[in-house]
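In: Compute the structure for the input listed below.
(3 chains)
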Amino acid sequence: MPSNQFFNHEGPWSDATEPLMCTDTGDWRTKRPVVDKEKCIFCGFCAIYCPVQVMEMTADSCFEPDLGFCKGCGICAKECPKNAITMVSEGEFVS
Amino acid sequence: MNATATPSNIKVITGNAAAAIAAKLARPDVVAAYPITPQTEVIEQISSFHASGDMDCELITVEGENSAMNAVMAASLAGGRVFTASSSWGLVFMYDAVLATAGARAPVVMVNVNRETPGIIAVSSGQQDMISTRDAGWIFLIAENCQEILDLVLQAYRLAEDYDIQVPVMVHYDGFFLSYLSEGVEIPEQETVDQFLSVLASQPKRTMLRPGEKLGVGTHGILGGYMELRHKHVTAMERSKAKFDAIDGEFADVFGRSYGGQLEEYRTDDADMVLVGSGSMCGTIKSVIDDQREKGNRIGLVKIRMYRPFPHQALIKALKGKKAIGVVDRSLAFGFDGGPIYTELKAFETRLGGAKLVSFIDGIANTDITKTNVEQMIRMTKDLSDGRDVPEVTWVSYPEANKDKGEK
Amino acid sequence: MAEKKKGRLTNVLDYLKHDDPFSKGVAFCPGCGLELLLRFIPRVLGNDIVITGTPSCSAPVLLGQNRQSWHTLSYFGTLMTGAAANATGLVRYYKKAGIDNTVVCFNGDGTANDIGFGNLSGAAERNEPFIYICYDNEGYMNTGIQKSGTTPYGATTTTTPYGTVHRGKNLRRMNLGLKMAMNKIPYTATATLSDLEDLAKKLLKAKKAKERGFCFLHVFAPCPTGWGADPADTIEICRQAVKSNYFPLWEAENGKIRMTKTVKKPKPVSNYTRMMKKFNHMTEKDMKILQDDVEYEYCLLGGLSVLEAECHLPVSAEDGGEKL
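Out: Next up is the predicted model:
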């Protein structure tokens, strides 16, 4: 009998009750968004416009990117109505 | 005869009507189809059953055959029983979905009414459409007469939806010769058909696409995944051979009719010479064989009922030790010295115990396979059996082809 | 520390009632309009939608790998030629089996307008009860940026490149949304990513209208990679497209068109085209042709919306005629 090494079924079915696949897209970026909490007015535009949806609400009414997956596209910085987000080169964060 | 077989009706109906009635009896959930000569009556009948409430199904009058196959493939993967029908150009228009259906292992059942599919528009019979699509990964069954059309469609559901198989099944029958031919057909009662198919309900449920269940179909196969699926498909096809033979037995128990499974052997036991054929030509061949037998010619017929997967084990068993075999093709293959089914059988020549093979090409391009033609085939096969020189391939209705093979 | 002046949290967040079913790390380009749209849809419509996808930029994410998936939605990976027919088969079976469902047939402009248009037309004609969403990035992007029927006049793609003899696409784009509205289906709408509240409302309207039959959403979703744009500009590009009437926002119930955003003083299309390299080669004459094309299409649309305001829906259209 054929094996069930890669599939559980006879046909091409995937099962999302198994762990989802995930790529380390945080490794892609060359710039990262840095949020200035003083300027942030907690409007949420960065959160809704982020294609990856990595902007997470913080306890102090602001937003912070999940750097594990932020691709560094810069939409959040561009869309912020208060220019509270700056795209900073990853090189600045290498110790 | 089984005591549970209930008395049924014999009605004089066309092959197309037989297919439609079989589909109705199988109680499909979704039917989608598009008209094409010589299949049109199948869907007209089904539409009529649907309109009068005799058939409780979702009937999708699609805008093209490609959509017909895509619709039934999806409905099948969602868990439904489905039906569609097409022919020649329609079959090739839906061919991308035909391949996808096989790859997705959706248990779709359809009938294909054979019609010539050459480079020019033809409205005549021929098996080229079946030959053009033979390795899509579907099980191909071929009917000889109107009764067998009805019976094969019912058996097709039993086979396709079997949990051990889950391969789509296409029932082929000759356009014009069977589609429009009226014959007496015993139409079973609905309860008997329900009984025959009820074994499927007691099997484990196949995987189905439902909202919220987090299953997806049509995933990529990467690394060894794709290979694993292809191997699963091939092995399922192999299993379908024995399964189809077993189903023939189940069918006989319930309906009182048996055909023999993958092959039907007609008067082959003591035959030195055998013709191998498929479809409506077999009716003519059987009739000529009966005449020939009275003259003392020990000739038989091996009728291929399951064409894909190619029943090579059954054919070897049936043909081994025969002196001469004439394979009748109703289609062409290019670059070989013979027709398609001939070349497929010839691949097993070394296992046939010394039997010699010849190819007959007939019934293509608007020609009939007449009793006279069959007599000629038998004569030539007998010559072969007697050790005389016989050309490897003969175009029975077109002697010019026998002189000019196009070789330089 | 003085109290920071706070704005109000955007209304859009109210529409995102459901979790994002997608894995955080999926292979879309940075700034991809499609990624934003694809994550948005199930957050508005719910995670129990059944989504169909075809070979396209969405395929590497919508379709799994072996037994694993990138998201928790039920999906059907299928061929471009039959996407709408597949969705038809699904909804018809679910109807027969009495299974509640929202099927979203999710395709790019290549499938919707070109290779899969035949069965899209058939599904609309039969009024099949599902939502067909076309994300329009104006080209066949997954195969490496080739021209499609919705690629605008003048744009460069790999099959309409800039050369000495031919310079970019020399054909006008097709108006897919309007074509579908003319079928008088229960709901047709255009939407884009700069107006997310509008998009959310239209998604919900489509979900409701689906009870009466076929719904079509035409969503403008920029592709920074294919258009030669800065990924950070994706949303602004949408904004400029709307402000210049390059991509007007409207909806149509049973074919009756209503503008959902009226642009009082449209900006020149050049405000939009200068944001991406695919129009870099355009001469003044080329730009005039494009500007005229945009204005003419808008005029047709505007004319239809005013005219159709006076049209009385036939009675049968209200209840969809014979119950399907």
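In: okay, CA-based contacts and neighbour counts for the rest of this
Out: OK.
In: Listing request: residues of chain A with sub-threshold pLDDT.
Out: Scanning chain A for pLDDT under 70 picks out A:1-2.
In: ok, which stretches of it are strands?
Out: A:13-15, A:31-35, A:55-57, A:63-65, A:85-89 (DSSP state E).
In: how about the ones you listed, which one is nearest residue C:175?
Out: strand A:55-57 (35.1 Å; Cα to Cα).
In: which other helices and strands contact that closest one?
Out: Under the contact definition 3 or more Cα pairs under 8 Å, 6 or more residues apart in numbering or on different chains; DSSP states H and E, strand A:55-57 sits against helix A:45-49, strand A:63-65.
In: shaky segments in chain B?
Out: In chain B (pLDDT under 70), the answer is B:1-8, B:119, B:408.
In: ok so, going back, looking at the helices and strands packed on strand A:55-57, which is buried most?
Out: With neighbours taken as mean count of other Cα atoms under 10 Å in any protein chain shown, the helices and strands packed on strand A:55-57 reach their highest mean count in helix A:45-49, at a mean of 23.
In: that older thread, wait, which of the helices and strands packed on strand A:55-57 is closest to chain B?
Out: When those are compared by Cα to the nearest Cα, helix A:45-49 sits nearest chain B, at 25.0 Å.
In: tell me which residues in the longest helix anywhere in chain B are buried?
Out: Longest among the helix segments of chain B by residue count, using DSSP state H, is helix B:225-255. By neighbour count on 16 or more other Cα atoms under 10 Å in any protein chain shown, the buried set for helix B:225-255 is B:225-226, B:228-233, B:236-238, B:240-241, B:243-255.
In: about what we covered before: can you put the helices and strands packed on strand A:55-57 in TSV and add distance to residue C:314?
Out: Formatted as TSV, these follow (distance: least, Cα to Cα, whole Å):
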stretch	distance to residue C:314
helix A:45-49	40
strand A:63-65	51
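In: of all those, which lies closest to residue B:348?
Out: Judged by Cα to Cα, the one of those that comes nearest to residue B:348 is helix A:45-49, at 65.0 Å.
In: Look up the closest residue to residue C:65, ignoring the ones flanking it.
Out: Leaving aside its sequence neighbours, residue C:65 sits nearest to residue B:220 (Cα to Cα, 6 or more residues apart in numbering or on different chains; 4.7 Å).
In: related to what we said a few turns ago, with respect to burial, which of the strands of chain A scores highest?
Out: Counting by mean count of other Cα under 10 Å, strand A:13-15 has the highest mean neighbour count of these, with a mean of 28.
In: Residues contacting stretch B:310-327, please?
Out: Stretch B:310-327 has contacts (Cα atoms under 8 Å, 6 or more residues apart in numbering or on different chains) with B:241, B:262-263, B:265, B:268, B:271-277, B:302, B:341-342, B:345, B:348, B:351-360, B:377-378, B:381-382, B:384-385.
In: rewinding a little: so which of the strands of chain A is nearest residue C:304?
Out: Nearest of the strands of chain A to residue C:304, taken as Cα to Cα: strand A:55-57 at 41.4 Å.
In: And for that closest one, what's in contact with it?
Out: A:46-47, A:63-66.
In: hang on, the earlier thing: tell me which of the helices and strands packed on strand A:55-57 approaches residue C:42 most closely.
Out: Among these, helix A:45-49 comes nearest to residue C:42, with 14.0 Å by Cα to Cα.
In: if you look at the closest one, does any of it touch chain C?
Out: Yes: under the criterion of Cα under 8 Å from any Cα of the partner chain, chain C is reached by helix A:45-49 at A:45, A:48-49.
In: residues contacting the residue nearest to residue C:65?
Out: Contacts were defined as Cα under 8 Å, 6+ apart; by that measure residue B:220 touches A:12, B:226, C:63-66.
In: Could you point out which of the residues you listed is nearest to residue B:205?
Out: Proximity of the contacts of residue B:220 to residue B:205 was ranked by Cα to Cα; the top entry is residue A:12 with 16.3 Å.
In: before we move on, the earlier item: please list which of the buried residues of helix B:225-255 are also close to chain C.
Out: The residues of the buried residues of helix B:225-255 that also fall near chain C, by Cα under 8 Å from any Cα, are B:225-226.
In: quick one on the thing from earlier: which members of the contacts of residue B:220 define the maximum pairwise distance?
Out: B:226 and C:63 (14.0 Å).
In: just so I have it, where are all the helices in chain C?
Out: Along chain C, counting by DSSP H, helices occupy C:12-15, C:33-45, C:59-62, C:83-97, C:109, C:117-125, C:176-181, C:196-209, C:224-227, C:234-243, C:270-273, C:284-309, C:315-318.
In: can you tell which of these is closest to chain A?
Out: That would be helix C:33-45 among those, by Cα to the nearest Cα, at 3.9 Å.
In: quick one: that closest one near chain B?
Out: No: for helix C:33-45, no contact with chain B is found by Cα under 8 Å from any Cα; the gap never falls below 11.7 Å.
In: With stretch A:9-16 instead?
Out: Yes: using Cα under 8 Å from any Cα, stretch A:9-16 reaches chain B at A:9-16.
In: Now tell me what touches that stretch from outside.
Out: Defining contact as Cα under 8 Å, 6+ apart, one finds that stretch A:9-16 is touched by A:7, B:103-105, B:207, B:214-221, B:229, B:232-233, C:64-73.
In: Just the terminal-to-terminal distance for that stretch.
Out: Start-to-end span of stretch A:9-16 (Cα to Cα, to the nearest Å) is 14 Å.
In: Tell me where the stretch 101-250 of chain C has strands.
Out: For the stretch 101-250 of chain C, the strands defined by DSSP state E, counting those that start in this stretch occupy C:103-108, C:131-136, C:187-192, C:215-220, C:250-253.
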